[in-house]
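1. let me see the structure of the following:
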Amino acid sequence: MLAILTYPDERLKRVSEPVERFEDELRAFLTALEEAMDAGPGGVGIAAPQTGHTQRIVLVDCSKARKPVPNHGRLVLINPELTTWEGMEVGREGCLSVPNYTGNVIRAVRVTLQAQDAQGEAHTYHLEGFEARVVQHEIDHLDGILFLERLVSRRSDLFQRKNYLPSPSKG
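-> Presented below is the predicted three-dimensional model:
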């Protein structure tokens, strides 16, 4: 299982390199990255840099989110590039690499994205709502940016995540 880097690990600030080779080694890494995303709490997205790999790879799957509509299911996005965006909206974000906090961030409501799949084939996606937010968040990781740097206000828009621990048993 790949380990998730957490803030303030300096490796999270690195800018990722494009993927140029679409071979078995890449597919094996994608499988490991998928397992890491699925193991995380509420894992709807993960970027390769969160595991210390500086490649432009993002996985997104909003199909199991509380509000899953609309979404494209599980997306493997290699060398993703946002080509258009429209509408802006404030929304709460969390991150596997910042496990103890969430924050309000302004993101585009609708985006168009070009990316390659695991075989290197190019695709264009039109995303909106929560799925568009997740993709923007994950692409930021490829450029060494955490949601903490995009908070609406550092003073009033960062929140400590609640921990729901089981109550002690009575004996």
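2. what sits up against the least confident helix or strand in the chain by mean pLDDT?
-> Scoring the helices and strands of the chain by mean pLDDT, DSSP states H and E places strand 158-160 at the bottom, with a mean of 94. Strand 158-160 is contacted by residues 92, 100-103, 148, 151 when judged by Cβ atoms under 8 Å, 6 or more residues apart in numbering. The C-beta positions use only the backbone N, C-alpha and C, and glycine is treated the same way.
3. highest neighbour count among the residues you listed?
-> Among the contacts of strand 158-160, the one with the most neighbours (other Cβ atoms under 10 Å) is residue 103, at 22 neighbours.
4. run me through the strand neighbours of the top strand by length along the chain, direction for each.
-> For the chain, the strand with the greatest residue count under DSSP state E is strand 74-95. Here strand 74-95 has these sheet partners by DSSP bridges: strand 57-61 (antiparallel), strand 98-116 (antiparallel).
5. mean neighbour count, those strands: which tops it?
-> Mean neighbour count (mean count of other Cβ atoms under 10 Å) peaks for strand 57-61 among the strands paired with strand 74-95, with a mean of 26.
6. can you tell me what sits against that strand?
-> By Cβ under 8 Å, 6+ apart, the surrounding residues in contact with strand 57-61 are 16, 19, 29-30, 33-34, 37, 43-48, 71, 73-78, 80, 115, 131, 134-135, 138-139, 141-142.
7. quick check: mean pLDDT of it?
-> On average, the pLDDT along strand 57-61 is 97.
8. for it, list the C-alpha coordinates in PDB.
-> Presented in PDB, the C-alpha positions along strand 57-61 are these (Å, rounded to 0.1, in the frame of the first residue of the first chain):
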ATOM      1  CA  ILE A  57      -1.500  11.400 -12.600                       C
ATOM      2  CA  VAL A  58      -4.900  11.900 -10.900                       C
ATOM      3  CA  LEU A  59      -7.600   9.400 -10.000                       C
ATOM      4  CA  VAL A  60     -11.100  10.600  -9.400                       C
ATOM      5  CA  ASP A  61     -14.300   8.700  -8.500                       C
END
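9. ok now stretch 128-141, how far from the chain's centre?
-> Here stretch 128-141 is found 7 Å from its chain centre; the criterion is Cα atoms, centre = their mean, to the nearest Å.
10. swap that for stretch 61-78, sorry
-> Its chain's C-alpha centre and that of stretch 61-78 lie 11 Å apart, by Cα atoms, centre = their mean.
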